[in-house]
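Engineer: here is a sequence together with a model predicted from it:
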Amino acid sequence: MTLERILYVDDEEINLELLQLTFMNELDVITATSAREGLRILDKDEDIQVVISDLKMPEMNGLDFIKEIKRRSRDRICMLLTGFMESEIMMEGFNKELIFRYIMKPWKKEALMEAIKQAMVRQNESNSIS
């Protein structure tokens, strides 16, 4: 059985490892420690259709990272995972249809998995329309 591939970008390695270990039986979690590394991975891997990004990162924040993903490929489903409630960023992300979900840290496995499953369904629906 092949697992669905997602990309998780966070500048804190412990967060990357935690998500990877939590979902190791359910998902193939590819990780990157920066937005630039995440973009390089996405350029090479067409199978990654769902991207989860931390909001607060050096060099390029999560929303700017998602804007660049969408500029390159409108169809990728993106979610922000953050410990900060930033309503302006949240509203911009939703209003411009950049983000599918905004998830607060600390996340619960069941809630995050449900959001990922919904993102996969959305992705499959948009693929069948195209």
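Structural biologist: That came in fine, so what should we check first? Numbers count the residues shown, from 1 in each chain.
Engineer: if you count neighbours, what's buried in stretch 6-15?
Structural biologist: 6-11, 15 (16 or more other Cβ atoms under 10 Å). (Each C-beta comes from the backbone N, C-alpha and C, glycine too.)
Engineer: out of those residues, which sit inside helices?
Structural biologist: Using DSSP state H, the subset of the buried residues of stretch 6-15 located in helices is residue 15.
Engineer: from the buried residues of stretch 6-15, pick the one nearest residue 113.
Structural biologist: Of all the buried residues of stretch 6-15, residue 113 sits closest to residue 6, with 10.9 Å by Cβ to Cβ.
Engineer: quick one: which two of the buried residues of stretch 6-15 are the most distant?
Structural biologist: 6 and 11 (17.6 Å).
Engineer: please enumerate the strands of the chain.
Structural biologist: 4-9, 27-32, 50-54, 77-82, 101-104 (DSSP state E).
Engineer: tell me what the third one is packed against?
Structural biologist: Read that as strand 50-54. strand 4-9, helix 35-44, helix 62-72, strand 77-82, helix 109-129 (3 or more Cβ pairs under 8 Å, 6 or more residues apart in numbering; DSSP states H and E).
Engineer: dump the buried residues of stretch 6-15 into CSV; add distance to residue 78 and pLDDT as well.
Structural biologist: Conversion of these to CSV gives the following (distance: Cβ to Cβ, whole Å; pLDDT from 0 to 100):
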residue, distance to residue 78, pLDDT
6, 11, 97
7, 10, 98
8, 11, 98
9, 10, 98
10, 14, 98
11, 17, 97
15, 17, 96
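Engineer: let me know the closest of the buried residues of stretch 6-15 to residue 123.
Structural biologist: Using Cβ to Cβ, residue 6 comes nearest to residue 123 of the buried residues of stretch 6-15, at 10.3 Å.
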